[in-house]
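S.K.: Take a look and give me a structure for this.
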Amino acid sequence: MTLRIHHIRLRVQTDSGLFGADIPLKAGLNVLWADNTRGKSTCLQGLLYVLGLERMLSPRRDIPLTYVMTSHLEDPETGERHNVIESYVAAELENGAGETITVQRNVVSAGDRKLVSVFNGPALTQPEGKYAQKDFFVHDPGAARREAGFHRFLAEFIGWDLPMVRCFDGSETLLYLETVFPLLYVEQKAGWSAIPAAFPNYFQIRDVGRRAVEFLMGLQTHELDLKRQQLEMDLAGLRAAWSAKRDELRATAEIVGARVEGLPVAPTAVGAELNRAFLAIASNDSWIPLDDYASSMRAQVDQLRRDELPTVEEVADEANAEIDRLTETAASQNLRRSSLFRAKQAEQAQSAAIVRRLEALDEDLQKNLDAQKLRNLGSRIAETVAADHCPTCSQPIQDTLLAQHAGAAVMPIAENIEYIRSQRGIFIRLQERSAVAIADLDRQLLAATEEVNATNARLRALRADVVAPAHSPSIAMLETRLRLETRLQALDDVQQRFEQQRGELTSLANQQAALLAERSELPRDRFTKDDRAKLAMLTELVRQQAARYGFSTFAAAEIDISEDNYRPQKEGFEIGFELSASDAIRLKWAYQLALLELARSADTHHPGFVVFDEPRQQETAKVSFARLLERAAEARKASQQVIFATSEDRDQLAAFLKAVDCQLLVFEGRMVRRLPT
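M.R.: Numbering: from 1, shown residues only. You can find the predicted model right below:
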């Protein structure tokens, strides 16, 4: 993951001829010198422009170049003003694989500025070659993702696989190049105002600075966060699927008036817990396992199938006796069903009363919260509520609810709020219990109704036997057999569906176990061992450089890097206004170069170059600037690249660079000048 800049070129065609500037660059430290207002920033911002990164400076799509490239320029030799007819910026780049491309983008042209042309070769340093050209687009939707988007091409050329990050609205988007390059390119104005960088916020990326630093340092924190979030979402999905399956099981059980027992409310990773779940069905006044109930019924059906169907004459005496017995049984069953119905009505009435009580408590709570808010805002409670009316129900009351001699203290609003909340919690639990009781009574009513219907059907069949011819088959026995067979078939179907659905719950339990195991393998905190090593190295590099540059607000050894936002901090507090302006710049130098140097000993995504436009800000001490140059020059040993643009006193700069291994590019007068024809 490397990006090396070999050459930057600006060309301006005017009505008086061709003007331009060429900036050849090498590995190591490159110092670009020119007086103020002579075009240094224009040339360096030309690099941002040709790469389509000008929106890292502003959400507006304005060209970040001066009038020299857009409207007119003055001939440095004659002082004459010439109008710009056409202009463009080009840059020659090399990546870590040794591939070289030349990127060109028009500034003033008949074509669209969103078009970026890429030549497959060193078209600036070796113009005699013939290089294939391919065009891309920037600043339109898809520029960072689609095949024809230049920022997708540039990211792939550098070797970056940009991560997906979360936005403020919960959606996901790409970590755009414009959010990463502020850590590589410090422009003259806003670039020096923040540590680590002035990140663009208009992309609506949550914690954009944090995500950019994590990516550049190659931390696994973001991936771990995403993995944790995905695991939590998967676990939440499992909980929803489990709840839906439980509802489905209950609905299946209710087909035959049964209920589900022993089924865990929440997903479980212990499959054995599911084996304890079973269906229970009401029999008389108790609940028995559906398996036992069905087994007993199956034995009756088998016995009836084995027995020969009797005639009416053979069962006449028993039929009359059974009619008398079943008549009493039917009356008893109807009485029990009526009792269950009345119990259900009472429970429903109680549930409705609980609902009304909860509504009243909610209203009371809101009124008290409003009164508390008004008091906190400075209002006096006596002015907000009528003195002779209850603040809750608004009914007329006397000045006091108790005799004056009682001396009872009125409960403060805060305590009243807590009391109402506790009452509300109690009634919510009562409401939940009432709902369970009503559902249980419904199942018992269904079972009781089944019993009544079975008894009445048996009575009808027996009475039909009494009046039937003597040698006719017993209708009662036939009805009993058919009814039991039908009921048994329904029970077997429900039991089979229950087993199938319990198997699906077992599958969910296995998924739960796998997800929990995967979550347990993640680091307990946000950082892996390698991440912590990188943060420790970054902290040490920042401290070393801050001390070397003369940081003096407090001891450089007290500087730490925050684990939350990766900004410099002291004793857990972000370093801010307590710094002098010059120390803030020193810390900025230290941080930006520390990120570069970290890539020399750790696996990061840093492309190995940084650009500082006017690094000596706020009249930083000359000795500090000299040491910055010395430190930056060490980039050559690591095949990295540092580009400084400065208007420092030329003689002083020469003295600084006397023993420094670097390339000094001196531009007398304006950098954009007339070119020979």
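
S.K.: Only C-alpha atoms from now on, for both contacts and neighbour counts.
M.R.: Noted.

S.K.: Just name the shakiest helix or strand of the chain by mean pLDDT.
M.R.: For the chain, scoring each helix and strand by mean pLDDT, DSSP states H and E identifies helix 381-384 as the least confident one, at a mean of 46.

S.K.: could you point out which element follows it?
M.R.: helix 413-467 (DSSP states H and E).

S.K.: helices or strands up against that next one?
M.R.: strand 278-283, helix 312-376, helix 475-521 (3 or more CA pairs under 8 Å, 6 or more residues apart in numbering; DSSP states H and E).

S.K.: ok, and what's touching the shortest one?
M.R.: If you take CA atoms under 8 Å, 6 or more residues apart in numbering as the criterion, strand 278-283 is touched by 253, 257-263, 287-291, 293, 443-444, 447, 495.

S.K.: one more time with 6 Å
M.R.: 258-261, 287-290 (CA atoms under 6 Å, 6 or more residues apart in numbering).

S.K.: shaky segments in the chain?
M.R.: Residue ranges of the chain with pLDDT under 70: 61, 271, 308-317, 319, 379-410, 465-476, 576-578, 617-620.

S.K.: Buried ones in the lengthiest strand in the chain, by neighbour count?
M.R.: Ranked by residue count and defined by DSSP state E, the top strand of the chain is strand 81-95. Within strand 81-95, the residues that qualify as buried are 82-95, counting by 16 or more other CA atoms under 10 Å.

S.K.: Mind telling me what element residue 253 is part of?
M.R.: Going by DSSP H and E, residue 253 is part of helix 221-254.

S.K.: Next, the angle from that helix to helix 413-467.
M.R.: 40 degrees (axes from the mean of the first three to the mean of the last three CA atoms, to 10 degrees).

S.K.: strands paired with the next helix or strand after helix 221-254, and their directions?
M.R.: Going down the chain from helix 221-254, the next helix or strand is strand 258-261, by DSSP H and E. Strand 258-261 has the following strand partners under DSSP bridges: strand 278-283 (antiparallel).

S.K.: what's whichever helix or strand comes after the partner strand packed up against?
M.R.: Following strand 278-283 in sequence order, the next helix or strand is strand 286-289 (DSSP H and E). Packing contacts for strand 286-289, counted by 3 or more CA pairs under 6 Å, 6 or more residues apart in numbering; DSSP states H and E, involve strand 278-283.

S.K.: Return the alpha-carbon coordinates of the strand it packs on using CSV.
M.R.: This file holds the C-alpha atoms of strand 278-283, laid out as CSV (Å, rounded to 0.1, in the frame of the first residue of the first chain):
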residue,chain,number,x,y,z
PHE,A,278,-44.1,-31.1,26.1
LEU,A,279,-47.8,-30.5,25.4
ALA,A,280,-50.3,-30.7,28.2
ILE,A,281,-54.1,-31.0,27.9
ALA,A,282,-56.9,-30.4,30.3
SER,A,283,-58.5,-33.5,31.7
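
S.K.: for that strand, which positions count as buried?
M.R.: Neighbour-count burial for strand 278-283, counted by 16+ other CA under 10 Å, picks out 278-282.

S.K.: could you check the angle helix 475-521 makes with that strand?
M.R.: Inter-element angle recorded for strand 278-283 and helix 475-521: 150 degrees (by the same axes, to 10 degrees).

S.K.: what distance separates strand 278-283 from the middle of the whole chain?
M.R.: 45 Å (CA atoms, centre = their mean, to the nearest Å).

S.K.: again, but for stretch 238-248
M.R.: 24 Å.

S.K.: Can you tell me what sits against it?
M.R.: Outside of stretch 238-248, the residues within contact range by CA under 6 Å, 6+ apart are residue 267.

S.K.: Then stretch 45-56?
M.R.: Stretch 45-56 is contacted from outside by 89, 105, 178, 200, using CA under 6 Å, 6+ apart.

S.K.: And the second one, how close does it get to residue 139?
M.R.: To residue 139, residue 105 is 13 Å away according to CA to CA, to the nearest Å.

S.K.: still on that earlier bit, how far is the longest strand of the chain from where the chain is centred?
M.R.: 42 Å.

S.K.: Check stretch 591-600 too.
M.R.: Distance, stretch centre to chain centre, for stretch 591-600: 29 Å (CA atoms, centre = their mean).

S.K.: So what does residue 133 look like in phi/psi?
M.R.: phi -120, psi 140 (degrees, to the nearest 10).

S.K.: show me what contacts it?
M.R.: Listed by CA under 6 Å, 6+ apart, the contact partners of residue 133 are 118-119.

S.K.: CA atoms only: put whichever strand or helix holds residue 8 into PDB for me.
M.R.: Element membership of residue 8 [criterion: DSSP H and E] is strand 3-14. Extracted as PDB, the C-alpha positions of strand 3-14 are listed here (Å, rounded to 0.1, in the frame of the first residue of the first chain):
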ATOM      1  CA  LEU A   3       1.600   6.000  -3.300                       C
ATOM      2  CA  ARG A   4       4.600   7.900  -4.500                       C
ATOM      3  CA  ILE A   5       4.300  11.200  -6.400                       C
ATOM      4  CA  HIS A   6       6.900  11.700  -9.100                       C
ATOM      5  CA  HIS A   7       5.700  14.900 -10.700                       C
ATOM      6  CA  ILE A   8       3.000  17.500 -10.500                       C
ATOM      7  CA  ARG A   9       2.300  19.600 -13.600                       C
ATOM      8  CA  LEU A  10       0.100  22.700 -14.100                       C
ATOM      9  CA  ARG A  11      -0.600  24.000 -17.600                       C
ATOM     10  CA  VAL A  12      -2.500  27.200 -18.500                       C
ATOM     11  CA  GLN A  13      -3.200  28.200 -22.100                       C
ATOM     12  CA  THR A  14      -3.800  31.900 -22.400                       C
END
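
S.K.: Adjacent strands (with direction) for that strand?
M.R.: Sheet pairing for strand 3-14, using DSSP bridges, gives strand 17-24 (antiparallel), strand 81-95 (antiparallel).

S.K.: now residue 411: how far from residue 242?
M.R.: Distance of residue 411 to residue 242, computed by CA to CA: 45 Å.

S.K.: How about residue 603?
M.R.: Noted for residue 603: a distance of 43 Å to residue 242, by CA to CA.

S.K.: Compare neighbour counts for those two and give me the winner.
M.R.: residue 242 (21 against 15; other CA atoms under 10 Å).

S.K.: From residue 33, how far out is that one?
M.R.: 69 Å.

S.K.: Name the residues of stretch 202-215 that are buried.
M.R.: 203, 205-215.

S.K.: Show me which of residue 105 and residue 139 is the more surrounded one.
M.R.: More crowded of residue 105 and residue 139, by other CA under 10 Å: residue 105, with 25 against 18.
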